[in-house]
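A.B. asks: The following comprises the amino acid sequence and a computationally predicted model.
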Amino acid sequence: MSFPDSYFCTISTGEQIELRSSKRPGVIQSFGSSMVSAIIQGNQIIGRTKQGNTNIYEVVNGYAV
């Protein structure tokens, strides 16, 4: 299962990934720490931390884990 096409990610001022949708207001889910970038690829969210590490989050029931 992959994320709907309307989903996208932003990085909060608190350096967390925010999962959002263009079809509804607000944040669906916030997660991670010290994040500087994130992108959705299929059923994964790939995030990069300030320290240069790459974190991979899987989608389960519409949420990242």
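C.D. replies: That came in fine, so what should we check first?
A.B. asks: Once you drop chain neighbours, what's closest to Phe8?
C.D. replies: Excluding its sequence neighbours, the residue lying closest to Phe8 (C-beta to C-beta, 6 or more residues apart in numbering) is Arg20, at 5.7 Å. Where you see a C-beta, it was placed from the backbone N, CA and C, and this is true even at glycine.
A.B. asks: One more: Val27?
C.D. replies: Closest residue in space to Val27, ignoring its immediate chain neighbours: Glu18 at 4.7 Å, by C-beta to C-beta, 6+ apart.
A.B. asks: and the host helix or strand of Val59, how far out from the chain's middle?
C.D. replies: In this structure, Val59 sits in strand 54-60 according to DSSP states H and E. The chain centroid and the centroid of strand 54-60 are separated by 8 Å under C-alpha atoms, centre = their mean, to the nearest Å.
A.B. asks: Check which residues of that strand are buried.
C.D. replies: The neighbour-count check on strand 54-60 (16 or more other C-beta atoms under 10 Å) flags Asn55, Tyr57, Val59 as buried.
A.B. asks: how about JSON lines for the residues you listed, with pLDDT and distance to Ile45 added?
C.D. replies: Listed next are the buried residues of strand 54-60 as JSON lines, based on pLDDT from 0 to 100; distance: C-beta to C-beta, whole Å:
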{"residue": "Asn55", "pLDDT": "98", "distance to Ile45": "8"}
{"residue": "Tyr57", "pLDDT": "96", "distance to Ile45": "4"}
{"residue": "Val59", "pLDDT": "81", "distance to Ile45": "8"}
